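> Build me a model from this:
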Amino acid sequence: MNVAIVGTGYVGLVSGTCFAEMGANVICVDVNKQKIEDLQNGRIPIYEPGLDEMVLRNYREGRLKFTTDLSTCLDDVEIVFSAVGTPPDEDGSADLRYVLEVAHTIGTYMNKYLLVVTKSTVPVGTAKKVKAAIQEELDKRNVKIEFDVASNPEFLKEGAAIKDFMSPDRVVVGVESDRAKELMTKLYRPFLLNNFRVIFTDIPSAEMIKYAANSMLATRISFMNDIANLCELVGADVNMVRKGIGADSRIGNKFLYPGCGYGGSCFPKDVKALIKTAELNGYDMRVLKAVEEVNEHQKSILFEKLQRYFENQLNGKTIAIWGLSFKPETDDMREATSLVMIKNLLQAGCQVKVYDPIAMDECKRRIGEVVEYAPDMYDAVLDADSLVLLTEWKQFRMPSWGVIKKAMKLPVVFDGRNIYDVQEMSELGFVYHCIGR
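Numbering: from 1, shown residues only. Below you'll find the predicted structure:
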């Protein structure tokens, strides 16, 4: 099959590369000329384990191509995926300008039947707007060309996106015609030979499923963070509570890990967008508003613990931070807890030293040189009054605590992901603070 994917961000590049890996001929389109030139020269703009090798192989073998001009490839493809960004507006709603620009471009230049599929996370009703935008351009040209629209939301976890795409637990596709359903079935069949797990729905339901899924996961995280904070007050251990409720088959054990708040490109944005969608339809999403409120407070929970420990005397203290990305195996710092922590520490007069295996350049791009960037995890803690762990990278799990204790000014650790053992840290001579224990 011949496919075009507009947008070479995280979703577009991963999707296009994986389709090519399964034998489709894919043209990835982006208006950013520098990004396209970099991809043509083998430079990958995002970090995702295994992606660079797969992009290079499929580009070399001719199944994956890159261009800045969508109009030149519309005659050669059957399906056009729109995977452009939908950043949140100031009011929390999804900004659809790029999605609709793609639709207008398709309507302006298409000459034959196309299936136009929205892969970006978009509010319910977006497909109708896409369809109207395409039809508007066809009417301007005074031509009649059949086309279909569909919704195919992505469910990729950063750091495991290739595995998620190549072996999906389900694929959700919203369609409104048999022709569209047949094309999407043909496209996804190679991924699901052993167990065809494509869920076909109407388009509004497909659009809602992505928001509902992410909002449910965000709700579980905020709920457990609320429980963890209460556990500290009443003397309970949130890890034991998590195991106890996770053993209930009605609940399960996924997304029950407390911590210092969720971030990334999906959960914060999608929760805000769903709240806004409800407002526009005269409904108040009270649970999700609480989820968002809990998460925003949780991002400051370690800073509050630091303040209490140092009795509000943080000015002049040196604080080391391990982990900048919002989760391991990515350099994504969108809505990351580290940004909140760094801002709070700097305002309190601290000197901040940071280390992350991947996200250092991204941090420099976002905040510049206001913090000290350590060359390794051990240099970060040199002469530090406290170590704060924010991202549970694997290399942080078994550090040389003897080296760290000698390097630090004070042996004080604040663990935002509960990856260390309370008793062991005490035996090693550290003052140890975590979440919910």
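
> can we go C-alpha only for contacts and neighbour counts from here?
Noted.

> which stretches of the chain form strands?
In the chain, the segments counted as strands under DSSP state E are 2-6, 25-29, 64-67, 79-82, 114-118, 147-151, 171-174, 198-201, 318-322, 351-355, 372-373, 386-389, 412-415, 431-433.

> Contact partners for M360?
324, 373 (C-alpha atoms under 8 Å, 6 or more residues apart in numbering).

> can I get the strands of the chain in JSON lines with distance to I275 and mean pLDDT?
Output for the strands of the chain, formatted as JSON lines (distance: least, C-alpha to C-alpha, whole Å; pLDDT from 0 to 100):
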{"stretch": "strand 2-6", "distance to I275": "27", "mean pLDDT": "98"}
{"stretch": "strand 25-29", "distance to I275": "31", "mean pLDDT": "97"}
{"stretch": "strand 64-67", "distance to I275": "36", "mean pLDDT": "97"}
{"stretch": "strand 79-82", "distance to I275": "24", "mean pLDDT": "98"}
{"stretch": "strand 114-118", "distance to I275": "21", "mean pLDDT": "98"}
{"stretch": "strand 147-151", "distance to I275": "21", "mean pLDDT": "98"}
{"stretch": "strand 171-174", "distance to I275": "22", "mean pLDDT": "96"}
{"stretch": "strand 198-201", "distance to I275": "23", "mean pLDDT": "94"}
{"stretch": "strand 318-322", "distance to I275": "33", "mean pLDDT": "98"}
{"stretch": "strand 351-355", "distance to I275": "34", "mean pLDDT": "98"}
{"stretch": "strand 372-373", "distance to I275": "37", "mean pLDDT": "98"}
{"stretch": "strand 386-389", "distance to I275": "31", "mean pLDDT": "98"}
{"stretch": "strand 412-415", "distance to I275": "31", "mean pLDDT": "98"}
{"stretch": "strand 431-433", "distance to I275": "34", "mean pLDDT": "98"}
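
> looking at these, which is closest to V294?
Closest approach to V294 among these is made by strand 412-415 (18.7 Å; C-alpha to C-alpha).

> quick one: contacts of that closest one?
302, 306, 385-390, 430-435.

> what lines up beside that strand in the sheet?
Strand 412-415 has the following strand partners under DSSP bridges: strand 386-389 (parallel), strand 431-433 (parallel).

> could those strands be laid out in TSV, adding mean neighbour count and distance to A4?
Below are the strands paired with strand 412-415 laid out as TSV (neighbours: other C-alpha atoms under 10 Å; distance: least, C-alpha to C-alpha, whole Å):
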stretch	mean neighbour count	distance to A4
strand 386-389	24	41
strand 431-433	19	50
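
> To D332, which of the ones you listed lies closest?
Between D332 and those, the tightest spacing by C-alpha to C-alpha is seen for strand 386-389, at 16.7 Å.

> Which residues does that closest one contact?
302, 318-323, 381, 408-417.

> quick revisit: will you turn the strands of the chain into TSV that also has distance to A247?
Shown next, in TSV, are those (distance: least, C-alpha to C-alpha, whole Å):
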stretch	distance to A247
strand 2-6	42
strand 25-29	44
strand 64-67	45
strand 79-82	40
strand 114-118	37
strand 147-151	35
strand 171-174	27
strand 198-201	28
strand 318-322	32
strand 351-355	36
strand 372-373	42
strand 386-389	28
strand 412-415	25
strand 431-433	26
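
> how about those strands, which one is nearest G42?
Closest of these to G42 is strand 64-67, at 11.2 Å (criterion: C-alpha to C-alpha).

> Partner strands of that closest one, with direction?
strand 25-29 (parallel).

> Which pLDDT value does the model give the residue nearest to K181 when sequence neighbours are not counted?
Closest residue in space to K181, ignoring its immediate chain neighbours: V175 at 6.2 Å, by C-alpha to C-alpha, 6 or more residues apart in numbering. V175 is assigned 98 on the pLDDT scale.

> One more: F196?
Reported pLDDT at F196 in the predicted model: 63.

> Show the low-confidence segments of the stretch 1-150 of the chain, by residue range.
For the stretch 1-150 of the chain, no stretch has pLDDT under 70.

> give me every residue that touches the closest residue to F267 other than its chain neighbours.
Once flanking residues are discounted, F267 sits nearest to N214: 5.7 Å by C-alpha to C-alpha, 6+ apart. When contacts are counted by C-alpha under 8 Å, 6+ apart, N214 is found next to 266-267, 270-271.

> How about G252?
Residues counted as contacts of G252 (C-alpha under 8 Å, 6+ apart) are 245-246.

> Would you mind giving the domain segments of the protein?
2-201, 211-297, 299-433 (automatic domain parsing).

> so how far is the first one from its chain's centroid?
For domain 2-201, the distance from its own C-alpha centre to the chain's C-alpha centre is 18 Å (C-alpha atoms, centre = their mean, to the nearest Å).

> and if you look at stretch 370-381?
Remark: stretch 370-381 is offset 25 Å from the chain centroid, using C-alpha atoms, centre = their mean.

> Run through who's touching it.
Residues contacting stretch 370-381 (C-alpha under 8 Å, 6+ apart): 319-322, 351-356, 360, 387, 403-404, 407-408.

> Show me which helix runs longest in this structure.
helix 203-234 (DSSP state H).

> buried residues in it?
Residues of helix 203-234 classed as buried by neighbour count (16 or more other C-alpha atoms under 10 Å): 203-212, 214-216, 218-231.

> Next, the angle strand 114-118 makes with it.
20 degrees (axes from the mean of the first three to the mean of the last three C-alpha atoms, to 10 degrees).

> Quick check: of the contacts of strand 412-415, which lies closest to D237?
I435 (9.3 Å).

> So D95 versus S151, what's the distance?
From D95 across to S151, the span is 17 Å (C-alpha to C-alpha, to the nearest Å).

> typo on my end, A407
Counting by C-alpha to C-alpha - A407 and S151 are separated by 54 Å.

> Settle it for me: which of those two has more neighbours?
Higher neighbour count among A407 and S151: S151, with 29 against 17, using other C-alpha atoms under 10 Å.

> Please give me every residue in contact with that one.
Listed by C-alpha under 8 Å, 6+ apart, the contact partners of S151 are 117-119, 127, 173-175, 203, 206-207.

> Could you count how many residues lie near Y59?
The number of residues packed near Y59 is 21, by other C-alpha under 10 Å.

> contacting residues around the residue lying closest to it once chain neighbours are set aside?
Nearest non-adjacent residue to Y59, counting by C-alpha to C-alpha, 6+ apart: K65, 6.1 Å away. Residues near K65 by C-alpha under 8 Å, 6+ apart: 26-28, 40, 59.

> ok, now how distant is K65 from V116?
For K65, the distance to V116 equals 19 Å [C-alpha to C-alpha].

> likewise E329?
32 Å.

> who has more neighbours, those two?
Taking neighbours as other C-alpha under 10 Å, E329 and V116 compare with V116 leading, 26 against 21.
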